[in-house]
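1. below is the structure, and that's it, no one-letter string:
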């Protein structure tokens, strides 16, 4: 990486996502890095064709990034909420200014669809907030550092503040299965998206909870202790969340508690998926395991969606293994026929050595068939 440290010159900045620097959603996360040392303080602001910027419209987390010298560059994730912005055109600028006078700007285009969706959601947001308050089972306080109301339990150690967030951002658009599920309910139905992550296209009838204060988060809370009254929602979404909670049985009971009679829950939970964390990964489940979690509800259907196809399991596990073997062997590994994988497994069980079996320890743990643990009572 070639760095430019002249405070009167140009400072290098790179954007990984979106690479074309076009914003397509009402709410966006922008990932990249800037050639300013990690320890430097960096201020950010919106400018260009933005005539008005409400509080919280732009929040940025800075953090050391793997592969970059912290003395030369810092990674960043910018969370940009277009809802409520007064745009005077189809573009905007994010300006970064360090405390040693280095300055750099990022220009982004904005699609007409994103602007239209942002304006539509902003016009509905007030009514949504009023409805949300009517669903709370008790008084909900606001954390002075956050924009969404917080119902996090006392002693909660994970900071909800986006500027302090260091782990990966969970952000997915609703796919056909979710959209079909939502469309099957009568008009006027309301939904809970529990552990929603960052929803780049929020809906006025879907209330999102998360442990982070994303622009799309309606209330900051954990799934094991939802702040809503009994029987509040017509439908509930739990999309790749239950593996990340330390008590999925308690969380499942909470989801059932806030569901109205005849309401339905759509649950997506991994089975054979590599270890990952937002911020932690605790449990995967078989089909029977998911049924056990929701044993007080009637099972209506179980299916395999596009995002759960076995080929993606193979792709993830083999890809993780590939990244864990010696770098000099990766080309050879990627061209091995499938039968060679079976041969490696057989050699492993016969305790026969092979360089391809020497995988980096942390990568091995991520895709291990199982782990062995020993505990001691104190």
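-> Great, that's in hand. The structure presented is a predicted model; accordingly, all values stated were derived computationally and were not measured.

2. ends of stretch 346-353, how far apart?
-> Stretch 346-353 has its terminal residues 11 Å apart, counting by C-alpha to C-alpha, to the nearest Å.

3. now do stretch 17-28
-> 10 Å.

4. just stretch 267-277 next, same as before
-> End to end - C-alpha to C-alpha - stretch 267-277 spans 19 Å.

5. chain center to it, what's the gap?
-> Chain-centre distance of stretch 267-277: 14 Å, with C-alpha atoms, centre = their mean, to the nearest Å.

6. and that stretch, what's buried?
-> In terms of neighbour count (16 or more other C-beta atoms under 10 Å), stretch 267-277 has its buried residues at 267-270, 273-276. Heads up, the C-betas are built off the backbone N, CA and C, glycines and all.

7. show me what contacts the nearest residue to residue 233 once chain neighbours are set aside?
-> Among residues not flanking residue 233 along the chain, residue 192 sits closest, at 4.5 Å (C-beta to C-beta, 6 or more residues apart in numbering). Applying C-beta atoms under 8 Å, 6 or more residues apart in numbering to residue 192 gives the contacts 206-207, 209, 226, 228, 232-233, 235-237, 255, 258.

8. in helices, which of these fall?
-> Counting by DSSP state H, the part of the contacts of residue 192 found in helices is residue 255.

9. closest one of the contacts of residue 192 to residue 325?
-> Nearest to residue 325 out of these is residue 237 (C-beta to C-beta; 38.1 Å).

10. gap between the closest one and residue 364?
-> Separation of residue 237 from residue 364 (C-beta to C-beta, to the nearest Å): 33 Å.

11. higher neighbour count, these two?
-> Per other C-beta atoms under 10 Å, whichever of residue 237 and residue 364 has more neighbours is residue 237, with 23 against 15.

12. so residue 211 makes contact with residue 151?
-> No. Between residue 211 and residue 151 there is no contact under C-beta atoms under 8 Å: 10.5 Å.

13. joint contacts of the two?
-> Taking C-beta under 8 Å, 6+ apart as the contact rule, the neighbours common to residue 211 and residue 151 are 220-221.

14. hmm, back to that, can I get the buried part of the contacts of residue 192 as one ChimeraX selection?
-> Of those, the buried ones go into a single ChimeraX selection, burial set by 16+ other C-beta under 10 Å:
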select :206,207,209,226,228,232,233,235,236,237,255,258
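
15. dump the contacts of residue 192 into JSON lines; add pLDDT and distance to residue 39 as well.
-> Shown next, in JSON lines, are the contacts of residue 192 (pLDDT from 0 to 100; distance: C-beta to C-beta, whole Å):
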{"residue": "206", "pLDDT": "98", "distance to residue 39": "41"}
{"residue": "207", "pLDDT": "98", "distance to residue 39": "40"}
{"residue": "209", "pLDDT": "98", "distance to residue 39": "35"}
{"residue": "226", "pLDDT": "97", "distance to residue 39": "40"}
{"residue": "228", "pLDDT": "98", "distance to residue 39": "43"}
{"residue": "232", "pLDDT": "97", "distance to residue 39": "46"}
{"residue": "233", "pLDDT": "97", "distance to residue 39": "46"}
{"residue": "235", "pLDDT": "95", "distance to residue 39": "47"}
{"residue": "236", "pLDDT": "96", "distance to residue 39": "44"}
{"residue": "237", "pLDDT": "95", "distance to residue 39": "41"}
{"residue": "255", "pLDDT": "96", "distance to residue 39": "43"}
{"residue": "258", "pLDDT": "97", "distance to residue 39": "45"}
